[in-house]
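Novice: sharing a sequence plus its predicted fold:
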Amino acid sequence: MSFSEKKTGIIGWGVYIPRWRIKLEEIARIWGFSPTTHKGLMVEEKSVAGKDEDAVTMGWEAAKNALIRAGIKPSEIGAVWFGTESKPYAVKPSATIIAEALGIVPETMATDLEFACRAASEALRISLGMISSGMIKYALVIGSDTAQANPGDVLEFTASSAATALITGPSSEAVAVFEASYTYVTDTPDFWRRAHVPYPLHGEGFTGEPAYFKHIIGAVKGLFEKAGLKPSDFDYAIFHQPNGKFPLSVGKKLGFTREQILPGLVTPYIGNSYNSSALIGLAKVLDEAKPGQRILLAPFGSGAGSDAYSIVVTDKVLEKQDKAPKVKDYLDRKTIIDYALYAKYRNLILRIRG
Amino acid sequence: MKFSIARFWREKQAHYRLKAAKCKSCGRVNYPPSSICRYCGSRDLEEIFLLNEKAKLLTWTIIYSVAEGFEDKRPRIIGLVETIETKARILAPITDVLPEELSEGTILEPVLRRINEDGEAGIIHYAIAYRPVIKPVGRKED
């Protein structure tokens, strides 16, 4: 069966990871957790945005890298969608700042989307619809977060900072073509942040089975049924990565092997970058992928929902891979900081400002 | 509100995309852009953008006594850089680098950063800073 998605694909991709890292054992030391508490998360370190960074600056760099790979003029982009849950302004779009700073304005759509960690994936699906309908030629989809967590909460072990950008467009120009996509959402109280509250809360018993697992499995099984696919049809499987353990576990439940999942698993090195979490896994796979390979992508966002995409790599990927820094280049650029510097960088220290 | 919103808006192309003015008479690039070439006085200039150019660090200063509003960014590093192709000279913050890592001639690239903000409620000032280029792992650099 042929779906509208087949008219669309990824034209360019780019990422950004800040230089700074904090070790999980340092967070455990500060808050008095058992030295073994964080071991089960399968995350060693998390990335920390610097004092002059936020979701906009990180998203800008990821988008700039995606533009370099795409090789198109910024003015050709017909939509800029910014998925985040850490927008610098409560009211004033981040998307327009990035669009202006990259020379995409004024003839473009631009907005910020919110759906916890899945907003950028919703943007991706919207872009497939608008491109396949012919309303726009290219879209810039950005997932960027300086993820917040209440200091001392277990979420703090993994809430990290990174950004991924995808430029989507016609399949004839694509490094990877979308074959089919499927979305699965329900109202689930697993994680939320109320207005004017600085940190999110989570419904303990809801984060695993009723949220992450139910929705990703629902989306992936829906995709399989819709497109007539099975796990062995894929070379890679990338799931939302709140920690190192969940993606391997949900993959196993769905019938994927570790070998399919590990190449796209970035969380063990940088933590959970929320809207960039699954997309940076896709970027890492595109950095290394070969023509003809098939990728399963399944982002997830609390609240809750998941999208599943089947993506097939084309021969155009090879000429784009070295044009911009790869995920590995950013992973290797790292300096470990202590909790005190991390607290300063992430505004956890209360100061009176003149 | 301490920032001039009008000035911020008026100068955004210079801050976001390194809009500059190239003199058609002497060929020098003026940054920030100007309607009169500050090198030869010509009024015949064209608009160019320096965002896609790398730059070389010529010199720098480390500021410990920072201006009000920059306390959390202490020490600030301000560098004089020269763009590789157009030879434009730009004064800009140097970021993602520790003072002891700096050396003359370091190749830098422009990155958008959150330079300052007008208190808790005011406008956030984004602008280009420079940082050492991201080195590709196991591949040849440009």
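Specialist: It's in. Numbers count the residues shown, from 1 in each chain, chains lettered A, B, ... in the order given.
Novice: show the pLDDT at residue 85.
Specialist: Let's take chain A. With respect to pLDDT, A:Glu85 has a value of 96.
Novice: you looked at the wrong chain, it should be chain B
Specialist: Predicted confidence (pLDDT) at B:Glu85: the value is 97.
Novice: what number of residues lie near it?
Specialist: 11 (other CB atoms under 10 Å in any protein chain shown). Heads up, the C-betas are built off the backbone N, CA and C, glycines and all.
Novice: and the residue lying closest to A:Asp287 once chain neighbours are set aside, how far from A:Trp13?
Specialist: Distances taken as CB to CB, 6 or more residues apart in numbering or on different chains place A:Lys326 nearest to A:Asp287, at 4.2 Å, with adjacent residues excluded. Separation of A:Lys326 from A:Trp13 (CB to CB, to the nearest Å): 10 Å.
Novice: quick check on B:Ile78: phi, psi?
Specialist: phi -110, psi 130 (degrees, to the nearest 10).
Novice: tell me which element the residue lying closest to A:Ala227 once chain neighbours are set aside falls in.
Specialist: The shortest distance from A:Ala227 to any non-neighbouring residue, by CB to CB, 6+ apart, is to A:Ala180 (3.9 Å). Assessed by DSSP states H and E, A:Ala180 sits inside strand A:176-185.
Novice: helices or strands next to that strand in the packing?
Specialist: Applying 3 or more CB pairs under 8 Å, 6 or more residues apart in numbering or on different chains; DSSP states H and E, one finds that strand A:176-185 contacts strand A:8-16, helix A:119-132, helix A:214-227, strand A:305-313.
Novice: parallel or antiparallel, list what pairs with the following helix or strand past the third one.
Specialist: When you say that, I think you mean helix A:214-227. Downstream of helix A:214-227, the first helix or strand assigned by DSSP H and E is strand A:236-239. Note on strand A:236-239: by DSSP bridges, its sheet partners are strand A:294-298 (parallel).
Novice: who touches the helix or strand following the partner strand?
Specialist: Downstream of strand A:294-298, the next assigned helix or strand under DSSP H and E is strand A:300-301. With contact meaning CB atoms under 8 Å, 6 or more residues apart in numbering or on different chains, strand A:300-301 is reached by A:115-119, A:121-122, A:211-212, A:215-216, A:239-240, A:278, A:306.
Novice: who's in contact with the residue nearest to A:Asp287?
Specialist: A:Lys326 neighbours (CB under 8 Å, 6+ apart): A:15, A:284, A:287, B:136-137.
Novice: do you know how far the one residue in the stretch 151-300 of chain A that gets nearest to chain B is from A:Ala324?
Specialist: At 10.6 Å from chain B, A:Asp287 is the closest residue in the stretch 151-300 of chain A, using CB to the nearest CB. A:Asp287 sits 10 Å away from A:Ala324 when distances are taken as CB to CB.
Novice: who has more neighbours out of these two?
Specialist: A:Ala324 (23 against 20).
Novice: who's in contact with that one?
Specialist: Contacts of A:Ala324 (CB under 8 Å, 6+ apart): A:14, A:65-66, A:68-69.
Novice: repeat that for A:Gly208.
Specialist: The contact partners of A:Gly208, by CB under 8 Å, 6+ apart, come to A:Phe246.
Novice: please tell me which one of the contacts of A:Lys326 counts the most neighbours.
Specialist: In the contacts of A:Lys326, the most neighbours by other CB under 10 Å go to A:Val15, 31 neighbours.
Novice: how close does it sit to B:Leu112?
Specialist: Counting by CB to CB - A:Val15 and B:Leu112 are separated by 15 Å.
Novice: name the nearest residue to the residue of the stretch 101-250 of chain A found nearest chain B, ignoring sequence neighbours.
Specialist: Nearest to chain B in the stretch 101-250 of chain A, going by CB to the nearest CB, is A:Ala101, at a distance of 4.0 Å. Spatially, and ignoring its direct neighbours in sequence, A:Ala101 is nearest to B:Tyr16 (4.0 Å; CB to CB, 6+ apart).
Novice: give me the pLDDT for the one you found.
Specialist: The model's pLDDT for B:Tyr16 equals 98.
Novice: let's verify it: helix, strand, or coil?
Specialist: helix (DSSP: H, G, I helix; E, B strand; the rest coil).
Novice: tell me the angle of the longest strand that chain B contains relative to strand A:8-16?
Specialist: The longest strand of chain B (DSSP state E) is strand B:107-117. Angle of strand B:107-117 versus strand A:8-16, following axes from the mean of the first three to the mean of the last three CA atoms, to 10 degrees, is 80 degrees.
Novice: would strand B:107-117 count as contacting chain A?
Specialist: Yes: judged by CB under 8 Å from any CB of the partner chain, strand B:107-117 comes into contact with chain A at B:111-115.
Novice: ok, residues contacting that strand?
Specialist: A:52-54, A:56-57, A:60-61, A:88, A:101, B:16, B:18, B:50-51, B:53-57, B:69-70, B:79, B:81, B:84, B:92-96, B:123-134.
Novice: just the buried ones from these?
Specialist: A:52-54, A:56-57, A:60-61, A:88, A:101, B:16, B:18, B:50-51, B:53-57, B:69-70, B:79, B:81, B:92-96, B:123-132, B:134 (16 or more other CB atoms under 10 Å in any protein chain shown).
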